[in-house]
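> Please work out how this folds:
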Amino acid sequence: MQVLALDVGAGTVRAAVVDVDTLAIAGDIQCVEFKISVPTAQAAECRAADVWSAVAKAARRVAPAKDAIDGVGMSCLAPCGVWLDAKDQPLTSVWLPADRRSRPAARQTWALDGERFLAEVGTPPVPGRISAIVWKQLLAQDAYLGHWVRSYLHLNGWLGFQMTGERRFDPAGASLTGLFGTMTERRWLEHWCSHFEVNSDWLPEVVAGTQTIGTLRSEAAGEMGMIAGVPVKVGTETLASALLAAGAEPGDVLIEEGESPLAASLTVEPHPAVDCSTYLFPFEPNGAKYICVVPLPFGIEAFSWLHRLCFAEMSETTFFEEALDRAVEQQTSVCFDPPWLAGHPLAVEAQHASFRGLCSATERIELLAAMVQALRRGWRRALRTLGLERPGRLFLSGGNVSVWKKVLPELAGISIHEVQDASLRGAAIMFQQKSVSR
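Next comes the predicted model:
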């Protein structure tokens, strides 16, 4: 069985044909970009129609043999709210998780009853990570917007609606709305719907990410270059798909590299915290597992930034093999704190990075040493938040195993695995009958 696997990220749709049994990718992975607009310094938005166009274009590129595709699975950046009117048209642009314009709504929710929100929803009420916070901010800008809404979806649910005409939420996405009792009843909560001025009638049924929500409609099939009638899964957010593809178990840790790197782990005993996002693992039949996500201050790419800034005469190989080796052993009074080069995704207020303790005698190797020490502190803090002394296994989505082992000596003796194209493979695993038990 071969399926079209889609991975919708920030500005890019990746698509591949994946064999469900072997998880081998047939042919090349196709990447199609869509435009991200930044109308203000705090903004990051796109048009839902542009995402759909990119999905359709990517599908056409990888599915030339139309009758060879047996289904469509999705992994999708989340949360990305999509609000539809009576004609099923998006009413606003899609605010991406990197968007921070909803800070006023986040502050208001924290001030009203932030601790209760965290205890029930599992994630603190912060901009970017909770779609209802975005909705509250949109209402503050246009009080009449709510009069026109008929459906509340996330981006994967909206793409599924485009393909099948059926509306659904997956459990992870529902958790990240801010309207769902992740830690309590595991249903839409009327008191949070009331707070965020959301009509509960707008919210569709919540189903497992592996559930087939319908079959590909003729119109969508034509745009995607496929045959109508193949099953479509609602899918889920990208970290959940990556954990599924990695075969992670409670106690394992997945590091997702990127501009704002994240450490994620599965647990059966979640403990919501202000610096952790907790949501349902969307493939368990009874919600037995949760995903806990903690931001890391920066990833390996940050060292490349300092390489370009201060060590430009060195090759990349020399920098990572010689300069970084020296920095790991270097003693310094320089402190890289706060260390948030790309901001803190679970903080309401803006977070920035800063070197402290500099003087005229400070050498560049000390800056690198200070970054090494900051990443170590951030890693240890992340483990404590995840409730772990050390990972059972470590999965790295961005590679760089040797660098991580060099910077974090406590990784010695831990089984480390690189996971390539995990979100695409996770989208395919959703078609396996026993995908939950991988």
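> Residue 186 sits in which helix or strand?
Using DSSP states H and E, residue 186 sits in no helix or strand.
> Was I right to think residue 391 contacts residue 414?
Yes. If you go by Cβ atoms under 8 Å, residue 391 and residue 414 touch, sitting 5.8 Å apart. C-beta coordinates here come from the backbone N, C-alpha and C atoms, glycine included.
> Could you check which of these two has the larger neighbour count?
residue 391 (22 against 15; other Cβ atoms under 10 Å).
> Residue 253 versus the more buried one, what's the distance?
Distance of residue 391 to residue 253, given as Cβ to Cβ, to the nearest Å: 4 Å.
> Now list whatever residues contact both of those two.
Taking Cβ atoms under 8 Å, 6 or more residues apart in numbering as the criterion, residue 391 and residue 253 both touch 265, 383.
> what pLDDT, on average, does stretch 214-229 get?
Stretch 214-229 shows an average pLDDT of 95 in the prediction.
> And the helices in this structure?
Ranges of helices within the chain are 48-62, 103-121, 131-141, 155-164, 171-175, 190-195, 218-224, 238-246, 300-310, 316-318, 324-329, 364-386, 401-407, 422-429, based on DSSP state H.
> What is the fifth one packed up against?
In terms of contacts (3 or more Cβ pairs under 8 Å, 6 or more residues apart in numbering; DSSP states H and E), helix 171-175 is packed against strand 236-237, strand 277-280.
> List the buried residues in the last one.
Spelled out, it's strand 277-280. Within strand 277-280, the residues that count as buried by 16 or more other Cβ atoms under 10 Å are 277, 278, 279, 280.
> tell me which of the residues you listed is nearest to residue 116?
residue 278 (14.8 Å; Cβ to Cβ).
> Residue 267: neighbour count?
Neighbours of residue 267 (other Cβ under 10 Å): 17.
> Isn't it up against residue 248?
No. With contact defined as Cβ under 8 Å, residue 267 does not count as touching residue 248 (10.9 Å).
> ok now stretch 40-51, how far from the chain's centre?
Relative to the chain's own centre, stretch 40-51 is displaced by 16 Å; criterion: Cα atoms, centre = their mean, to the nearest Å.
> ok, now stretch 242-255?
With Cα atoms, centre = their mean, you get 14 Å for stretch 242-255.
> swap in stretch 80-91?
22 Å.
> now stretch 320-335
31 Å.
> same deal with stretch 264-284?
Distance, centroid of stretch 264-284 to centroid of chain: 13 Å (Cα atoms, centre = their mean).
> Just the endpoints, please. Distance across it?
Length of stretch 264-284, first residue to last, Cα to Cα, to the nearest Å: 17 Å.
> Repeat that for stretch 26-42.
39 Å.
> So which bits of that stretch are buried?
By neighbour count with 16+ other Cβ under 10 Å, stretch 26-42 contains the buried residues 29, 30, 32, 34, 36.
> what do you get for stretch 366-376?
Neighbour-count burial for stretch 366-376 [16+ other Cβ under 10 Å]: 366, 367, 368, 369, 370, 371, 372, 373, 374, 375.
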